[in-house]
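J.: Provide a 3D model corresponding to the input given below.
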Amino acid sequence: MSSLFKAIKAAPIRHPVIGGSSFGSLDHITLMLIAQAAEIDPRQLRYISSNGGRDAMDRLKNGFGVAVVSGLGELLHAHRDGEVKIVGITSGERLPELNGIKTFREQGVDVEFANWRGYFAAPTLSQNKVEKFQRLCADLDASDTWAQTRRKYFWSEHFLTGQALREFLEAQNKLLQKGLRDLELQ
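T.: I've put the predicted structure just below:
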C-alpha cells in the first residue's frame, strides 16, 4: 500500500484510481478520506467513475487506473480469482473471514468508513408502527438466515435504532458533508 500511495503522491495524474460508482459517491468519498489520511491532497487525485465493481475491474484490467476503490462484496470474487490484491479495508477491525487483509489503520492510514444501509419511514408514521418495524428489524438481525447472509457477503453487524441510530446518522452526515466539501462537490 505504501508503494501505491508513494506513486500517487508523486504523479497523481499518471496514477488514477477507479471507483465502483459516480463522482461524489461513497467510493469517491472513501478515496478522499484515504487520501487525506495518507497526506495526499484529494483535489490532486484522478478519480475515474464506473458503473459498479465489475465495470471498475474491467477498467483496471484494461489499464485505465492503478487501483480500484469499491465495496468488498463487489470485488471479492476478483480477489479470490487472483485478479486483484486487496491492499486494505476501511473497517475498524480485520474481517475474521479475511484475516490476512489488514485495515488501513493497521497500515498507518487513520481512516475508518463503512457502507451501511437503513430502513426509514415517513415522519407521519405512528409510534406504534415505528416500534413494530423496529421489532421486525431486530428479529431479522437476530435470525440465522441474516447471520449467514452477513457472513456470505462479509457484512459486519451494525444494528442500531433510536438515539444510537440518530447519533450515528448525525456523525455520518457530518463526515459525508465534509467529504463533499473537500472534494469541492458541495
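J.: going forward, measure contacts and count neighbours with C-alpha atoms only.
T.: Will do.
J.: show me where the chain has helices.
T.: Taking DSSP state H to define them, one finds helices in the chain at 2-10, 26-37, 53-61, 72-80, 127-141, 144-153, 162-182.
J.: Now do the fifth one, average pLDDT.
T.: Looking at helix 127-141 alone, the average pLDDT works out to 94.
J.: Of all the residues in it, which ones are buried?
T.: With burial defined by 16 or more other C-alpha atoms under 10 Å, the residues of helix 127-141 counted as buried are 134, 137, 141.
J.: Residues in contact with it: which ones?
T.: 146, 147, 159, 161 (C-alpha atoms under 8 Å, 6 or more residues apart in numbering).
J.: Need the nearest residue in space to the first one, chain neighbours excluded.
T.: Which is residue 146. Counting by C-alpha to C-alpha, 6 or more residues apart in numbering, residue 146 lies nearest to residue 140, which is 6.5 Å off, once chain neighbours are set aside.
J.: Could you report the separation of that neighbour from residue 2?
T.: Separation of residue 140 from residue 2 (C-alpha to C-alpha, to the nearest Å): 41 Å.
J.: now, among the buried residues of helix 127-141, which is nearest to residue 34?
T.: residue 141 (30.1 Å; C-alpha to C-alpha).
J.: State the distance from the closest one to residue 129.
T.: As judged by C-alpha to C-alpha, residue 141 and residue 129 stand 18 Å apart.
J.: what's the answer for residue 27, then?
T.: Applying C-alpha to C-alpha to residue 27 and residue 129 gives a distance of 34 Å.
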